[in-house]
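# This is a predicted model, with the sequence first.
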Amino acid sequence: MNSNYLQRQPLAGNLIPKPVRVEKGKGPFSLTPKTEIVIPAESPAIGEIGAQLAAILAPLGGTPLKVSVCSGPPPEGSICLNTGSYPQLGAEGYRLEVGPNLVSLSANEPGGLFYGVQTIKQLFSSGPKGGPGLIEGVIIEDFPRFSWRGAMLDVARNFFSVQDVKGFIRYLAAYKFNRLHLHLSNDQGWRIMINSWPNLALHGGSGAVSGGRSGYYSQEEYSEIVAYAQSKQIIVVPEIDLPGHTTAALASYPELNRKGIAPPLYSGTEVGFSSLAPEKDLTYRFVSDVLEELAALTPGPYLHVGGDEALSTTPEEYEIFMSQLQPIVARLGKTMIGWGEIAHTPLQAGTIVQIWRREEIDAKKAAAQGVQVIMSPAYRAYMDMKYNESTKLGLSWAGLIKVEDAYNWDPAEVHALVPQNKILGVEAVLWTETIRTMADLENMVFPRLAGYAEIGWSPRKNRSWEEYRYRLAAHGRSWEKENINFYRCPEVPWGEQV
Ligand code: IFG
């Protein structure tokens, strides 16, 4: 047994993200055909979480598990879920106790139970010991550090089907992410039907980066994605990128263009050359119509309006545009989110700025306006960056991002200017200029996604690459079983048994 094994007490289940507190408990607990999941009273929300747990455990225990209501003490050998009052756990935290005869999972809210279920799933699937239906005794108290634990999928450069997006949502939920930012429009494509401007999808949806997939979501399909995300505690954040990155819209409606002439659809990968016409009244009717329909389809509180790389809009025009855009979003009752550049214009209180550029200026402007920020530093959180020179997919303008680099940073240490209490959290971003299929996506997203999950959830002091890399190796074995096309980076001991 090599020396560093002794230093490394393998964490129960090699859990990622690492919980706040884990103690060894009496155990192990094994599933039997008699195991049942019990909830204390009729509760659709808790029953739904119980049903999700039953579906996860069925293949392990060999028989489908029942979810039943049990008002008295839970029967021996059962898994009981309940909500109660645990102030220290917050809205998303949970307490899990695995004993030899009982598993009990408690939380303040059903969302906390959902995250406890993800932990139970990992205990069964990446635990170091025992058989498939057996988990070691453990007591876990856990809750997230940041409230914003997000990932962005760019479906504009390359379109991904509803099924693909649901697959991405499953990956996020397994690692306790709670936000899915869908980048729905850009120069190359418009991806959602807007009934009052149908050509946006009918024409604008027919484009893509050359070699990529075109397409768009009907409003029913978008609602299907939103509902699926919601069932996994994920809030969908839709983005319509404005006023730049708008060729797909400009190509769909000549009247939106400054000179009334529609450009052809764009299938290249340049940025910054397009802009709506801030001087046109029609521009604001267009924006209002689009955001009104999108807001009606989006139960979540957020609308992302982009605002990045408006290099063909003068600063004065950009400011006029932003000053007209904000009341539209506010009237819809939504919280506006935009990329770092929006911080250069006066923002309504409550606006959220997503910082991506390395320069301090965006952070400085955001801090000066006292707005909250989401950290997505391109040189650490852009999953479309290559791992190294030999990575075929992806770009490298923000630098190469090894798996270790994607883990070894902290949202509170990116821009010291931003007060800690203004940092909502982290969002990992996948732009898809070079990403065509789910296999491509998986290769860029895994293993780095697991690290972003830990950055968003786990206490800063508990994080260490040297220890984390062994847990990551254990997850590699689960990803292999799930046929996830992850990148076996050299800095992780993939083959070593923990
Ligand atoms: N920057 C652009 C994206 C995308 C990206 C590729 C932002 C906010 C470069 N804007 O990142 O549209 O092209 O890495």
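Cool, the structure landed.

# CA atoms for contacts and neighbours, from now on please.
Will do.

# Quickly find the element holding the closest residue to the ligand within the stretch 251-400 of the chain.
When distances are taken as C-alpha to the nearest ligand atom, the stretch 251-400 of the chain approaches the ligand most closely through Asp308, which lies 5.3 Å from it. Secondary structure assignment for Asp308, by DSSP states H and E: no helix or strand.

# wait, doesn't it sit right on Glu239?
No. With contact defined as C-alpha atoms under 8 Å, Asp308 does not reach Glu239; the gap is 11.5 Å.

# Just the CA trace of stretch 290-307, in PDB.
Extracted in PDB, the C-alpha atoms of stretch 290-307 (Å, rounded to 0.1, in the frame of the first residue of the first chain):
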ATOM      1  CA  VAL A 290     -39.500  38.500 -27.900                       C
ATOM      2  CA  LEU A 291     -38.900  38.900 -24.100                       C
ATOM      3  CA  GLU A 292     -42.600  39.000 -23.300                       C
ATOM      4  CA  GLU A 293     -43.200  35.600 -25.000                       C
ATOM      5  CA  LEU A 294     -40.000  34.100 -23.500                       C
ATOM      6  CA  ALA A 295     -40.800  35.400 -20.000                       C
ATOM      7  CA  ALA A 296     -44.300  33.800 -20.200                       C
ATOM      8  CA  LEU A 297     -42.600  30.500 -20.900                       C
ATOM      9  CA  THR A 298     -40.100  30.800 -18.200                       C
ATOM     10  CA  PRO A 299     -41.200  30.200 -14.600                       C
ATOM     11  CA  GLY A 300     -37.700  31.100 -13.300                       C
ATOM     12  CA  PRO A 301     -37.100  34.700 -12.200                       C
ATOM     13  CA  TYR A 302     -34.300  35.400 -14.600                       C
ATOM     14  CA  LEU A 303     -33.900  36.700 -18.200                       C
ATOM     15  CA  HIS A 304     -30.400  36.900 -19.600                       C
ATOM     16  CA  VAL A 305     -30.000  39.600 -22.200                       C
ATOM     17  CA  GLY A 306     -26.400  39.000 -23.200                       C
ATOM     18  CA  GLY A 307     -24.900  42.500 -23.900                       C
END
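
# contacts for that stretch?
Contact with stretch 290-307 is made by 194-197, 219, 222-223, 226, 235-244, 329, 332-342, as judged by C-alpha atoms under 8 Å, 6 or more residues apart in numbering.

# and if you look at stretch 15-32?
The set of residues that contact stretch 15-32 without belonging to it, under C-alpha under 8 Å, 6+ apart, is 12, 60-62, 77, 97-103, 119, 122-123, 126, 133-143, 175-176, 450-451, 453-455, 457-459, 462, 471-472.

# Same question for stretch 55-75.
Judged by C-alpha under 8 Å, 6+ apart, the contacts made with stretch 55-75 from elsewhere in the structure are 31-33, 35-42, 47, 50-51, 54, 80, 121, 132-133.

# picking that back up, pull out the buried residues from the contacts of stretch 290-307.
In terms of neighbour count (16 or more other C-alpha atoms under 10 Å), the buried residues within the contacts of stretch 290-307 are 194, 219, 222, 226, 235-244, 329, 332, 334-342.

# tally of neighbours for the residue of the stretch 51-200 of the chain found nearest the ligand?
In the stretch 51-200 of the chain, the residue that lies nearest the ligand is Asn186 (7.5 Å; C-alpha to the nearest ligand atom). The local packing of Asn186 (other C-alpha atoms under 10 Å) involves 28 other residues.

# now it, nearest residue through space, not along the chain?
Distance criterion C-alpha to C-alpha, 6 or more residues apart in numbering; nearest residue to Asn186, sequence neighbours excluded, is His245 at 4.7 Å.

# try Ile261
Pro254 (4.8 Å).

# Next to the ligand, which bits of the protein? Give me the list.
The chain comes close to the ligand at residues 308, 339, 431, as judged by C-alpha under 6 Å from any ligand atom.

# With just CA atoms, put the helix or strand encompassing Glu480 into PDB.
Applying DSSP H and E as the criterion places Glu480 in helix 465-481. Backbone C-alpha positions of helix 465-481 (Å, rounded to 0.1, in the frame of the first residue of the first chain) are rendered in PDB as follows:
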ATOM      1  CA  TRP A 465      -6.400  19.100  -5.800                       C
ATOM      2  CA  GLU A 466      -4.100  16.500  -4.400                       C
ATOM      3  CA  GLU A 467      -7.000  14.800  -2.500                       C
ATOM      4  CA  TYR A 468      -9.700  15.600  -5.100                       C
ATOM      5  CA  ARG A 469      -8.000  13.900  -8.000                       C
ATOM      6  CA  TYR A 470      -8.400  10.500  -6.400                       C
ATOM      7  CA  ARG A 471     -12.200  11.000  -5.900                       C
ATOM      8  CA  LEU A 472     -12.300  12.200  -9.600                       C
ATOM      9  CA  ALA A 473     -10.600   8.900 -10.600                       C
ATOM     10  CA  ALA A 474     -13.400   7.000  -8.800                       C
ATOM     11  CA  HIS A 475     -16.000   9.000 -10.700                       C
ATOM     12  CA  GLY A 476     -14.200   8.100 -13.900                       C
ATOM     13  CA  ARG A 477     -15.200   4.500 -13.300                       C
ATOM     14  CA  SER A 478     -18.800   5.500 -13.000                       C
ATOM     15  CA  TRP A 479     -18.600   7.600 -16.200                       C
ATOM     16  CA  GLU A 480     -17.100   4.600 -18.000                       C
ATOM     17  CA  LYS A 481     -20.200   2.500 -16.900                       C
END
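
# Show me which of the contacts of stretch 55-75 are buried.
Buried by 16+ other C-alpha under 10 Å: 31-32, 35-40, 47, 50-51, 54, 80, 121, 132-133, out of these.

# Show only the entries of the residues you listed found in strands.
If you go by DSSP state E, the buried ones among the contacts of stretch 55-75 have 37-39, 80 in strands.

# farthest pair in those?
Taking C-alpha to C-alpha, the two most distant members of those are Ile37 and Ile39; they sit 6.9 Å apart.

# Now the stretch 351-498 of the chain against the ligand: closest residue?
Residue of the stretch 351-498 of the chain nearest the ligand, by C-alpha to the nearest ligand atom: Trp431 (5.4 Å).

# So that residue is in contact with Ala151, correct?
No. Under the criterion of C-alpha under 8 Å, Trp431 makes no contact with Ala151, lying 10.8 Å away.

# Can you pick out the residue with more neighbours from these two?
Ranked by neighbour count (other C-alpha under 10 Å), Trp431 and Ala151 place Ala151 first, with 28 against 21.

# So what pairs up with that one in the strands?
With DSSP bridges as the criterion, Ala151 is bridged to Leu180, Ala428.

# so what's it up against?
Contacts of Ala151 were listed using C-alpha under 8 Å, 6+ apart, and they are 172, 177, 179-181, 427-430.

# Considering those, which possesses the most neighbours?
In terms of neighbours by other C-alpha under 10 Å, the contacts of Ala151 top out with Phe177 at 31 neighbours.

# Can you classify that one by secondary structure?
Using DSSP: H, G, I helix; E, B strand; the rest coil, the structure places Phe177 in coil.
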